[in-house]
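**Q** Starting from these lines, generate the structure:
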Amino acid sequence: MSYAIIADGGRQYKVEPGQKLEIDYRDAEVGSSVTFNRVLAVSDDSGFKLGQPTVDGATVVAKVLGDTQGDKIYVQKFRRRKNSKRRTGHRQKYVQVQIDSIG
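**A** You can find the predicted model right below:
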């Protein structure tokens, strides 16, 4: 079983071939490929390679499946004794990808 640890958008993900993943939104056509160059570690049949800070020559290629949205988050602001209340909502946009290859 091979896997890789990648960094994207300030987060780190442990990915395996065939895995579906939601990453930060970016303009990408459905069916196109996204390449992750910041590979922090790779594990495969030959062993485990840890980068300092990244593994040289390692890339992870993923196929774009489409856009999704996260759950709705409500933000409430309240100032006591001022008769001031505010409630707003937010839904984060994501791009869903499927990991094709780790190389």
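
**Q** Restrict stretch 29-45 to CA atoms and write it as PDB.
**A** The C-alpha coordinates for stretch 29-45 follow below in PDB (Å, rounded to 0.1, in the frame of the first residue of the first chain):
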ATOM      1  CA  GLU A  29     -12.400  22.200 -15.300                       C
ATOM      2  CA  VAL A  30     -14.200  18.900 -14.500                       C
ATOM      3  CA  GLY A  31     -12.000  16.000 -15.800                       C
ATOM      4  CA  SER A  32      -8.800  18.100 -15.800                       C
ATOM      5  CA  SER A  33      -5.800  17.100 -13.600                       C
ATOM      6  CA  VAL A  34      -4.200  18.900 -10.700                       C
ATOM      7  CA  THR A  35      -0.600  18.300  -9.800                       C
ATOM      8  CA  PHE A  36       0.700  18.600  -6.200                       C
ATOM      9  CA  ASN A  37       4.400  19.400  -6.000                       C
ATOM     10  CA  ARG A  38       4.700  19.900  -2.300                       C
ATOM     11  CA  VAL A  39       5.100  16.200  -1.300                       C
ATOM     12  CA  LEU A  40       6.400  16.000   2.300                       C
ATOM     13  CA  ALA A  41       6.700  12.200   2.500                       C
ATOM     14  CA  VAL A  42       6.200   9.100   0.300                       C
ATOM     15  CA  SER A  43       5.800   5.500   1.300                       C
ATOM     16  CA  ASP A  44       5.800   2.600  -1.200                       C
ATOM     17  CA  ASP A  45       7.200  -0.800  -1.700                       C
END
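
**Q** Check what contacts that stretch and list those residues.
**A** Contacting residues not belonging to stretch 29-45 are listed as 2-8, 12, 23, 26, 28, 48-51, 53-55, 58-66, 95, 97, 100, 102 [C-beta atoms under 8 Å, 6 or more residues apart in numbering]. Every residue, glycine included, has its C-beta placed from N, CA and C.

**Q** Give me the buried entries from the residues you listed.
**A** 3-8, 23, 28, 55, 58-60, 62-64, 95, 97, 102 (16 or more other C-beta atoms under 10 Å).

**Q** Please flag which of those residues sit within strands.
**A** Residues of these located in strands (DSSP state E): 3-8, 23, 60, 62-64, 95, 97, 102.

**Q** Good, we can wrap up now.
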